[in-house]
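Trainee: With the input below, show me the fold.
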Amino acid sequence: MFDILKDKVYSIGLMSGTSLDGVDVALVEHYNNEHRLIDFRSYPYEQELKDKILKASKIETSNVQLICSLHKELGLVYADCIEQFLTDFNLTVNDFHFISNHGQTIWHIPTATKTHKK
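Mentor: Coordinates of the predicted model:
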């Protein structure tokens, strides 16, 4: 086990947002409560996947089946991006401690006022 406040810890972070341009993958060093970007790379989405995400993001065309199928498909895309990132930077799974990913944003509600909090 590692102590993120005492040990040098490395992570891979993934980001994919509403721009639908693809997946950004970053390697970050965490040490002494500081965080340093070591390197990153962007991997573009194929047009067919962009179209599916766009369809899922519109009330008129979205449905549970589409969102669930994207859940699986995007997981596989994220795995492919991580594998390509490791290859691109000559890394292995032993070179980092954890992976973080917020998932794909398909519906953004920045002005929502209700929350899960009471």
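Trainee: got a list of what residue 104 touches?
Mentor: 16-17, 53, 70, 74 (CB atoms under 8 Å, 6 or more residues apart in numbering). The C-beta positions use only the backbone N, C-alpha and C, and glycine is treated the same way.
Trainee: now it: how far from residue 22?
Mentor: According to CB to CB, to the nearest Å, residue 104 and residue 22 sit 11 Å apart.
Trainee: what touches both of the two?
Mentor: Between them, residue 104 and residue 22 have residue 16 as joint contacts when contacts are counted by CB under 8 Å, 6+ apart.
Trainee: Pick out the residue closest to the middle of this protein.
Mentor: Nearest residue to the geometric centre of the chain (CA atoms, centre = their mean): residue 14, 3.0 Å.
Trainee: buried sites along the worst-scoring helix or strand of the chain on mean pLDDT?
Mentor: Of the helices and strands making up the chain, the lowest-confidence element is strand 98-104, at a mean of 91, by mean pLDDT, DSSP states H and E. Applying a neighbour-count criterion of 16 or more other CB atoms under 10 Å, one finds 101, 104 buried in strand 98-104.
Trainee: Over to stretch 31-39?
Mentor: Across stretch 31-39, burial judged by 16+ other CB under 10 Å covers no residue at all.
Trainee: Over to stretch 52-63?
Mentor: Within stretch 52-63, the residues that count as buried by 16+ other CB under 10 Å are 52-53, 55-57, 62.
Trainee: contacts for that stretch?
Mentor: Outside stretch 52-63, the residues that touch it by CB under 8 Å, 6+ apart are 18, 20, 45, 66-67, 69-70, 73, 104, 106-107.
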